[in-house]
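Asker: Need the 3D shape of this:
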Amino acid sequence: MIDFSELKKYKKVVIQCHDNPDADTLACAYAMSEYFKGCGQAAEIIYGGFAPVNKSNLKLMMSALGINARHIPKNGETPDYSNENNTLLMIVDGQYGAGNVKKIPAANIAVIDHHIPETPATPFTHIKPYLGSCSTLVWLLLQKEGFDFEKHTSVSTALFYGLFTDTGGLAEITHPYDMDMRDSLKYDRILVKRLKNCNLTLADLIIAGKSLTTHHINTASKNAVFEAEQCDPNILGFISDLALQVDNIDSCAVFCEVSGGIKLSVRSCAKEIMANELAGRLCEGGGSGGGHADKAGGFISAEFAGKSGLGALEFLTKRYEEYFGQYDLVYCGEYKPDISLFSEYIKLPVPIGYIRTTDIFPAGTEMTVRTLEGDSHIESGGDAYIMVGIRQEIYPIGREKFEKSYEILTGAYVPQTELFSEMHYTPEVKNRRDGSSQSIEAFIRPCVSRGAAKILARQISKRTKVFTQWNKEGYMFGKPGDWLAMRTDDHNDFYIIDNAIFQKTYKKY
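Answerer: Below you'll find the predicted structure:
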């Protein structure tokens, strides 16, 4: 964990980007250098790799924002801070000793990163792999230190662009903290527009062209995998957007091998395949993936992929093909269930939480409820409530339905587990008019299910996608062990209940 009171004790901070820097690592280094300079410390940015930064967008970024970074040539003299007790070496968007970070001797080392841990932790290590960019992590850390982003527009611009490039132009954002930074930073929009428009070089165009000839296409399931040379994540997104325009491709994954693993961009235009769910499945067991229903991305560790004994293209193609045929599809209104396979269950009176939206913002306020499950847009009012489920899942509910289904309890709300600890995020409600936000934690009140609601349910043994009555364009996803449930009075109203939630909230009737 980073303790800034300890970091401020060093007279000099050397901030190291990973080799062959991208916008995210440069943004993080720049933000940290400005922070330390503001604390009266000397700060320098360095990076390794074969050559100095030469991508047009990065050169513009560095020039326009005044980012000064010194290149340490691969075969040149390596700095040595091992005897400098007043100097701190801080690696951003990388890890000390990792394959893509030039190893520099140092007595004091700190690490700020958003990738899966791959090297031993240092005394000052802060890694959050669930974030879309390291820029988001730096923003969170500096916020806690009271850094004034409104007075440092150049830092805000750098961090926003770092998030933009690391999440495929914001298309692969998955975590609410990434969304919070995106929404709150006041950045130079004209400069970001210029950076967007000079992001593709001739070399990148050649990489894109080559990748379209290195592929595997399954015309039956209309999916494709394309391999690219090592490149910026934006180029992977550019290739995947282009590939999806082919008439017999409904979903695709474009990847390149990078230091430590495989970076991929995923696209889908089929309602039966949400790109974020597909990305998570491709990366399952050895990395992380996520994003939006049509655009997503992910990373798979080299160690995990290497265990297959296959090359990267063969490995991803095999996982892609395994994905198809591994799930059932349930379309409400069309699916005819075998009732004999279902049993009757009754809902237990387990205390959960609720929030009256008028306790947070005045009636009539347009609000966004931001959670790990996504954003919900509602208007504050006497008829608008927010539920907090047994596993801290958040969802809106109307007052009439709430009063029919739940009984209000007295006393304080006591969560079943430590509140929001597993979520890595405390949900917020944002005022869409003025941009202000409130954590929901202080407004939660206790309630319990009213009466003995019954359902019919069966445990599933296969991945299942359910197109519900209330959302026929997207699906609820269930994994083996979860439950396919339906109302006792409507055998067309199907939905998925997570097994952990089911075990705590239902019992056999």
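Asker: all strands of the stretch 151-300 of the chain, in order?
Answerer: Along the stretch 151-300 of the chain, the segments classed as strands by DSSP state E, counting those that start in this stretch run 215-218, 223-228, 251-258, 261-268, 287-291, 295-301.
Asker: from those strands, which stretch is densest packed?
Answerer: Each of those was scored by mean neighbour count; the highest is strand 261-268, a mean of 28, by mean count of other Cβ atoms under 10 Å. Using the backbone N, CA and C atoms, a C-beta is placed for each residue, glycine as well.
Asker: Mind listing the strands that one pairs with, and their directions?
Answerer: Strands that pair with strand 261-268, judged by DSSP bridges, come out as strand 251-258 (antiparallel), strand 295-301 (antiparallel).
Asker: Please name whichever of those is nearest to E321.
Answerer: Nearest to E321 among the strands paired with strand 261-268 is strand 251-258; the distance by Cβ to Cβ comes to 11.6 Å.
Asker: Can you give me the distance of the residue nearest to E150 when sequence neighbours are not counted to G435?
Answerer: What sits nearest to E150 in space, not counting adjacent residues and going by Cβ to Cβ, 6 or more residues apart in numbering, is K186, at 6.0 Å. With distances taken as Cβ to Cβ, to the nearest Å, K186 is found 10 Å from G435.
Asker: Please tell me I have it right and the residue nearest to E150 contacts K151.
Answerer: No. Applying Cβ atoms under 8 Å, one finds K186 not in contact with K151, separated by 10.2 Å.
Asker: re the thing from before, can you tell me which residues contact the residue nearest to E150?
Answerer: 149-150, 153, 156 (Cβ atoms under 8 Å, 6 or more residues apart in numbering).
Asker: Need the buried ones from the residues you listed selected in ChimeraX.
Answerer: For the buried members of the contacts of K186, the matching ChimeraX selection, counting by 16 or more other Cβ atoms under 10 Å, is:
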select :149,156
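Asker: circling back to that earlier point, can you read off the pLDDT for the residue nearest to E150?
Answerer: On pLDDT, K186 comes in at 95.
Asker: now S421
Answerer: pLDDT at S421 comes out at 63.
Asker: same thing with T505?
Answerer: On the pLDDT scale, T505 is placed at 85.
Asker: pretty sure it is touching Y345, no?
Answerer: No. In this structure, T505 is not within contact of Y345 by Cβ under 8 Å, at 9.3 Å.
Asker: tell me the domain ranges of this structure?
Answerer: 4-196, 202-325, 330-346+452-508, 350-449 (automatic domain parsing).
Asker: can you tell me the distance between the two ends of the first one?
Answerer: The one in question is domain 4-196. Domain 4-196 has its terminal residues 34 Å apart, counting by Cα to Cα, to the nearest Å.
Asker: can you check the shortest one too?
Answerer: With Cα to Cα applied, domain 330-346+452-508 spans 24 Å between its terminal residues.
Asker: quick one on the thing from earlier: mind giving me TSV with the strands paired with strand 261-268 and columns for mean pLDDT?
Answerer: Shown next, in TSV, are those (pLDDT from 0 to 100):
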stretch	mean pLDDT
strand 251-258	93
strand 295-301	86
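Asker: can you tell which of those is closest to A29?
Answerer: Between A29 and the strands paired with strand 261-268, the tightest spacing by Cβ to Cβ is seen for strand 251-258, at 18.9 Å.
Asker: quick one: contacts of the closest one?
Answerer: Against strand 251-258 from outside (Cβ under 8 Å, 6+ apart): 100, 211, 222-231, 236-237, 239-240, 243-244, 262-270, 273, 275, 278-279, 282, 302, 312, 316, 320.
Asker: Around G76, how many other residues sit close by?
Answerer: A count of neighbours around G76, defined by other Cβ atoms under 10 Å, yields 9.
Asker: List the buried residues for the helix or strand that H377 is a member of?
Answerer: Per DSSP states H and E: H377 is located in strand 374-379. Neighbour-count burial for strand 374-379, counted by 16+ other Cβ under 10 Å, picks out I378.
Asker: Show the subsequent helix or strand relative to that strand.
Answerer: Using DSSP H and E, the next helix or strand after strand 374-379 towards the C-terminus is strand 384-388.
Asker: counting contacts, what elements does the very next helix or strand once past that following strand pack onto?
Answerer: Counting by DSSP H and E, the next helix or strand C-terminal to strand 384-388 is strand 394-398. The elements that strand 394-398 packs onto, with contact taken as 3 or more Cβ pairs under 8 Å, 6 or more residues apart in numbering; DSSP states H and E, are strand 366-371, strand 374-379, strand 384-388.
Asker: Mind doing that once more with 7 Å?
Answerer: strand 366-371, strand 384-388 (3 or more Cβ pairs under 7 Å, 6 or more residues apart in numbering; DSSP states H and E).
Asker: Select from these the stretch with the lowest mean pLDDT.
Answerer: For the helices and strands packed on strand 394-398, mean pLDDT drops lowest on strand 366-371, to a mean of 84.
Asker: May I see the buried residues of that strand?
Answerer: For strand 366-371, the neighbour count (16+ other Cβ under 10 Å) marks 367-371 as buried.
Asker: which residues touch it?
Answerer: For strand 366-371, the surrounding residues in contact (Cβ atoms under 7 Å, 6 or more residues apart in numbering) are 176, 179, 357, 361, 375-380, 386, 394, 396, 427-433.
Asker: low pLDDT regions in this structure?
Answerer: Applying pLDDT under 70 to the chain flags residues 1, 373, 416-424, 470-473.
Asker: And the residue nearest the centre of it?
Answerer: The residue lying closest to the centre of the chain (Cα atoms, centre = their mean) is T174, at 3.0 Å.
Asker: so it makes contact with H292?
Answerer: No. Counting by Cβ atoms under 7 Å, T174 does not reach H292; the two are 8.3 Å apart.
Asker: Out of the helices and strands packed on strand 394-398, the one nearest T464 is which?
Answerer: Here strand 366-371 is closest among these (Cβ to Cβ), at 22.9 Å.
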